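Enquirer: With the sequence up front, the predicted model follows.
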Amino acid sequence: MFEGLGAVVTRPGRHRATLADVAATVGVSRATVSKALNGRGDISDETRERVLAAVAELGYRPTTGLTQGEGRRALAVVFDIPASPYIVGVLQGVLAAATEAGVDLLTRLAPDRSSRTQRAVAREWVAAQQAAGVVGIIGLTVSRPGAILQAAGNANLPFVMVDPVDAQDGHMVSVGSSNWAGARTGAEYLLELGHRRIAWVGGPEASDAARDRLYGYQAALDAAGVAIDPDLIRSGQFAIENGAEHARDLLMSADPPTAIMAGDDEIAVGVLATAHELGIRVPEELSVMGFDDTPQAAWTTPPLTTVHQHLEGMGAMAVQTALSMAEGHPPSSRHVELATSLMVRDSTAPASSGR
């Protein structure tokens, strides 16, 4: 329950909004306001909507009994799929930076995909984070975040996206990698090895990062005067199954590629598995390249050549940005990109004359 908890001033010249202020504005009891903020189901949706609207209007920010700037603060990190090696890498950076800053870290799953676009659901979710004492939110590749971002903005709660799926929102603050430049560097390396039939197996077409990586691959081929063959370009989820499925189709075609670039390391693992199953030697007959440089890349057979992005650095930068915004400092840039580099291992070699 929230009775007796402090609140944060969000509008100059106004007293700090209290639970009683919210209750008076809506015309309900403080207990009803508390139920709405706690997500209790024994009040009507209409009442919950009115309470959350009043919370946003008055700038009421419940805390765990500490006013902002006193005692410990908390950040919430939210994601859709926590099992990804990529997510684990970014989380390591988030955790290290939060620990160094003396900030508690709360992990959250995003609201269900079917309901997260609803403003009422988004407002309720954001209010629940504030009730837990959260001063900033970090989103890791969360899809369809528009309503959550808007609700966080209305509540003056900083929200920083890492590697956003859709970066078209001009108000979004994000941290990512130079996806276009990284993919171009990787494709240029394969071209230097003499490969001309270089296939691309990428991530979802709706993903900005996936598109940027595809465009980087295409830019390298175009600059080298190599025709872009649409039959060599595939897309799907950032998943091992996607790499395995498309690799089988590509490698069993009449004119197979001599190299396959993958949109991330998990896709590349699927490509390696299919090549092994088909008896195609890597890298003697097929070069394979990934993207991310997750820990598993060094342990594949053979070890995977991949584009390295500083996953832990992205997480740390997101923490620093969210905390700075929570202290009232606007971000120096709304979109920060960390540099990528090529990590050459044993899965790539000069182009073979053919299988």
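Expert: Received it, and whenever you're ready, just let me know what you need.
Enquirer: ok, so what distance separates the spatially most central residue of the chain from Gly225?
Expert: In the chain, the centroid-proximal residue (C-alpha atoms, centre = their mean) is Thr141; its distance is 2.0 Å. Noted for Thr141: a distance of 35 Å to Gly225, by C-beta to C-beta, to the nearest Å. Using the backbone N, CA and C atoms, a C-beta is placed for each residue, glycine as well.
Enquirer: Next, count neighbours for the closest residue to Ala339 other than its chain neighbours.
Expert: The shortest distance from Ala339 to any non-neighbouring residue, by C-beta to C-beta, 6 or more residues apart in numbering, is to Ser178 (5.7 Å). Neighbour count of Ser178, defined by other C-beta atoms under 10 Å: 18.
Enquirer: ok, Ser178 touching Val336?
Expert: No. Applying C-beta atoms under 8 Å as the test, Ser178 and Val336 come out as separate, 10.5 Å apart.
Enquirer: Which residue ranges of the chain form helices?
Expert: Using DSSP state H, the helices of the chain run over residues 19-26, 30-38, 45-58, 85-100, 119-131, 146-154, 179-192, 208-223, 240-251, 265-277, 311-326.
Enquirer: Okay, buried residues for the third one please.
Expert: Which is helix 45-58. By neighbour count on 16 or more other C-beta atoms under 10 Å, the buried set for helix 45-58 is 47-56, 58.
Enquirer: where does this protein have low pLDDT?
Expert: Along the chain, the model assigns pLDDT under 70 to residues 1-16, 35, 37-42, 61-72, 82-83, 166-170, 353-355.
Enquirer: go with 50
Expert: Residue ranges of the chain with pLDDT under 50: 1-14, 63-70.
Enquirer: circling back: next up, the contacts around the residue nearest to Ala339.
Expert: Ser178 makes contact with 337-340, according to C-beta atoms under 8 Å, 6 or more residues apart in numbering.
Enquirer: Go through the helices of the chain and name the closest to His171.
Expert: Counting by C-beta to C-beta, His171 lies closest to helix 146-154 out of the helices of the chain; the figure is 6.6 Å.
Enquirer: and that closest one, what does it pack onto?
Expert: Counting contacts by 3 or more C-beta pairs under 8 Å, 6 or more residues apart in numbering; DSSP states H and E, helix 146-154 is packed against helix 119-131, strand 159-162.
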